[in-house]
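# Below is the sequence, then the predicted model.
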Amino acid sequence: MKNLIINIYKTLFFFDFAIVVAYIIPKLKTGKDSLNALFAEGVFLAVSLVFTFIFIKFAEKGRLRVFNRRNKLRHYCYGLLVGVIPTAVTAVPLLIFKKLSFNGVNIHSFSDVIIWIAVVFCNAAATELLLRGYLWKLYRNYYSLPVVCAVISVLFISMNINIFSDGIIYSANLLLFNLVLCFLAEYTHSLLAPITAHFFYNAVSSLILGSYTVSKDYPYIINTVYSGNKLFSGGDAKLEGSIIMLAANIALCIYFAKKLADRKRR
């Protein structure tokens, strides 16, 4: 019970204070939206890194190891595959059956494209530091995987408070992909894997293909048109509102659950 209370306090100070500090730091105001966003997300990432190092060094006195430097290429590849698979499995059938088409480019400057990609990376890295970095290792020291996944999911929802306002399939896809990232962190014992997966998922599904999560805050690179049955094309939420992506996320959850169960039996 004592450990639970201490961990709750650590969570409040680490998670909530980091978000508050990142929010109250004055933002850069230029004539370029991409630079403004890059500065804001860069601050978010810097604050997340600073809080992570402070808590590892002073709260845990170096007992927790958040950054795993071994097998970096393997962890990167796992993250790349997990980030791209849900989008590819959804977009390819829609392209084949002409339910997804492209209607020109939305961002014409190559430098702006690079900046927006950097924005998405900073956001993904900062989010994973808060969710599956220090706190993941902290709770995993004391509790079972299902309990830790539940805790991280609650924190994820608190960061995406409007998650339930855009349809059941959209909500289920975001929650399931969050769970996939939890399983990925557990399977690889690496922060690099979920950061890579989160980045590629947002970059491909939202920044490039115009799905809802990122493009509601930032512009997308290509103008995409989704048509046909909303259950398959996703409707207003696009890819993330598609039942095809839902099936892909469920399959990824089952895959990692089986891999983790097989490892436990050895």
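Arrived safely, thanks for sending.
# so how far is residue 231 from the residue nearest to the spatial centre of the chain?
In the chain, the centroid-proximal residue (CA atoms, centre = their mean) is residue 198; its distance is 3.8 Å. Per CB to CB, to the nearest Å, residue 198 is found 26 Å from residue 231. Every residue, glycine included, has its C-beta placed from N, CA and C.
# element containing residue 130, please.
Using DSSP states H and E, residue 130 falls within helix 110-132.
# Past that helix, which element shows up next along the chain?
Following helix 110-132 in sequence, per DSSP H and E, is helix 134-140.
# Run through who's touching that next one.
With CB atoms under 8 Å, 6 or more residues apart in numbering as the test, helix 134-140 has contacts from 7, 10-11, 14-15, 51-52, 55-56, 60, 64-66, 147-148, 151-152, 155, 182, 185-186.
# Double-check the residue nearest to the centre of the chain against residue 127; I have them as touching.
Yes. When contacts are counted by CB atoms under 8 Å, residue 198 is listed as touching residue 127 (6.5 Å).
# quick one, strands of the stretch 51-200 of the chain?
Under the criterion DSSP state E, counting those that start in this stretch, the stretch 51-200 of the chain carries strands at the ranges 100-105.
# give the contact list for residue 4.
Counting by CB under 8 Å, 6+ apart, residue 4 has contacts residue 142.
# Would you map the helices across the stretch 1-150 of the chain?
Listed in chain order, the helices of the stretch 1-150 of the chain (DSSP state H, counting those that start in this stretch) span residues 2-11, 17-24, 33-54, 72-96, 110-132, 134-140, 145-159.
# how much does the longest one deviate in direction from strand 100-105?
Using axes from the mean of the first three to the mean of the last three CA atoms, to 10 degrees, the interaxial angle of helix 72-96 with respect to strand 100-105 works out to 100 degrees.
# One more: the last one?
Angle of helix 145-159 versus strand 100-105, following the same axes, to 10 degrees, is 40 degrees.
# Please enumerate residues in contact with helix 145-159?
By CB under 8 Å, 6+ apart, helix 145-159 touches 11, 15, 19, 127, 130-132, 135-136, 139-140, 143, 163, 175, 178-179, 182-183, 186, 260.
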